[in-house]
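Engineer: coordinates for the following, if possible.
(chains A and B)
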Amino acid sequence: MLPFLKIMLRNLFLGPSTDPFPFAPAKTHENFRGCAVFDPEKCILCGICRHVCAAGAIQLRASEDGSGMQYLLWHNSCVFCGMCAHYCPTGALTMSNNWHLVHAGADRFANCISGFVRYGECSQCGAKIQPRPPVIADKLGKHSPDRFLLCPKCKRQSIAMNVAQARPLFRQDVS
Amino acid sequence: MLQFLTKLASRSPWIYRINAGSCNGCDVEMATAALIPRYDVERLGCKYCGSPRHADVVLISGPLTLRVRDKVLRVYNEIPHPKVTVAVGVCPVSGGCFRDGYTVDADIDHYIPLDVIVPGCPPRPQAIMEGVLKAVEVWRTRLEEGVCSRS
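Structural biologist: Now for the predicted structure:
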């Protein structure tokens, strides 16, 4: 009988259901998908984030002096789909639960992540290659850690040398 | 007297919504911010009004499609000065995932000066409330200085 009485009594003791947001911090779930966070230390400039970005919010611009690349993620174009963080092989891009992105209209082009990623150097000839941070070196370079730090040209040479050493007869035939 | 009214007016902004070809995601969040007791934008003195002639703060959502552009501008010009424009979602600023579409005319700033931007796709209701509060601050300074939104 009168089931609403139970609900009414419960609501009396539960207090207001309004989130007191502007006067107190709002409740945010830890899995809430807010803006992306970029860590230039882990980035290897593979560009998969730019490739999968549905809204075209990510840009990679080569710097004028050729020492690295400017990484830009414009929050005013990002749709928070999280694909960039999903596909990032090193975890350089992650989604935070920060949603405090309100800003004045005048600084709409300043509302972006801007990071500078330096190119790596070939450990043999010093040519510019994609950066090789420890995150990716431990993952992909486990097989042959020395060769992982080489540029494509030096890598081809070292592989050819290895083959030549392993099969000296073959080497004689060729020469 | 006018100063006294200005002080009072900035405590109860009337909000008007314009849908400039939005996917309705942001509109749902704007309705949520007003209708659900959990967010309840009306306790901040805000009120959604039905006519653009009563409005003080305009919430615009959507990437301004070509089909709706002239109608949006007509409605926008009916709002009395000083008006404050809030872009809800990323679409009015950049077009979001509709960017570079053949019917999309974002950036909306070519037609309408945007004062506050609430990025998100869609932004959560609290973020919209944050944006409205910021817009009210802008509106207060405009009321005190007596400037219109284009000057």
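Engineer: which residues does the residue nearest the centre of chain A bridge with?
Structural biologist: Per C-alpha atoms, centre = their mean, the C-alpha nearest to the average position across chain A is that of A:Leu93, at 2.5 Å. In this entry, A:Leu93 is beta-bridged to A:Phe38, by DSSP bridges.
Engineer: how near is it to chain B?
Structural biologist: Separation of A:Leu93 from chain B (C-beta to the nearest C-beta, to the nearest Å): 17 Å. Bear in mind the C-beta positions are built from the backbone N, C-alpha and C, glycine included.
Engineer: quick check: that residue vs A:Phe38, distance?
Structural biologist: From A:Leu93 across to A:Phe38, the span is 6 Å (C-beta to C-beta, to the nearest Å).
Engineer: which neighbours do those two have in common?
Structural biologist: Residues touching both A:Leu93 and A:Phe38 (C-beta atoms under 8 Å, 6 or more residues apart in numbering or on different chains) are A:Leu73.
Engineer: hey, where'd the helices end up in the chain?
Structural biologist: Picked chain A for this. A:3-14, A:48-52, A:83-87, A:134-139, A:145-148, A:152-166, A:168-174 (DSSP state H).
Engineer: chain B is the one I meant
Structural biologist: B:2-9, B:25-35, B:66-78, B:91-94, B:125-145.
Engineer: of those helices, which stretch is the most buried?
Structural biologist: helix B:91-94 (a mean of 30; mean count of other C-beta atoms under 10 Å in any protein chain shown).
Engineer: centre of the chain to stretch B:75-84, how far?
Structural biologist: Offset of stretch B:75-84 from its chain centre (C-alpha atoms, centre = their mean, to the nearest Å): 11 Å.
Engineer: I should have written stretch A:51-68 there, sorry.
Structural biologist: 12 Å.
Engineer: near chain A, which residues of chain B are found?
Structural biologist: By C-beta under 8 Å from any C-beta of the partner chain, the part of chain B that sits against chain A consists of B:37-40, B:43-44, B:85, B:87, B:90, B:93-97, B:99-100, B:109, B:113-121, B:123-124, B:126-127, B:129-131, B:133-134, B:138.
Engineer: how about a cut-off of 7 Å?
Structural biologist: B:37-40, B:44, B:90, B:93-94, B:96-97, B:99, B:113-121, B:124, B:126-127, B:129-131, B:133-134 (C-beta under 7 Å from any C-beta of the partner chain).
Engineer: tell me the pLDDT at the residue sitting nearest the centre point of chain B?
Structural biologist: Nearest to the mean C-alpha position of chain B, by C-alpha atoms, centre = their mean, lies B:Leu59 at 1.8 Å. For B:Leu59, the model assigns a pLDDT of 93.
Engineer: cool, and A:Trp74?
Structural biologist: 92.
Engineer: count the residues that sit near it.
Structural biologist: Residues contacting A:Trp74 under the criterion other C-beta atoms under 10 Å in any protein chain shown number 22.
Engineer: how close does the closest residue to it other than its chain neighbours get to chain B?
Structural biologist: Distances taken as C-beta to C-beta, 6 or more residues apart in numbering or on different chains place A:Cys112 nearest to A:Trp74, at 4.4 Å, with adjacent residues excluded. Separation of A:Cys112 from chain B (C-beta to the nearest C-beta): 10 Å.
Engineer: A:Cys112 reaches A:Ser77, doesn't it?
Structural biologist: No - A:Cys112 lies out of contact with A:Ser77 (C-beta atoms under 7 Å); the separation is 8.9 Å.
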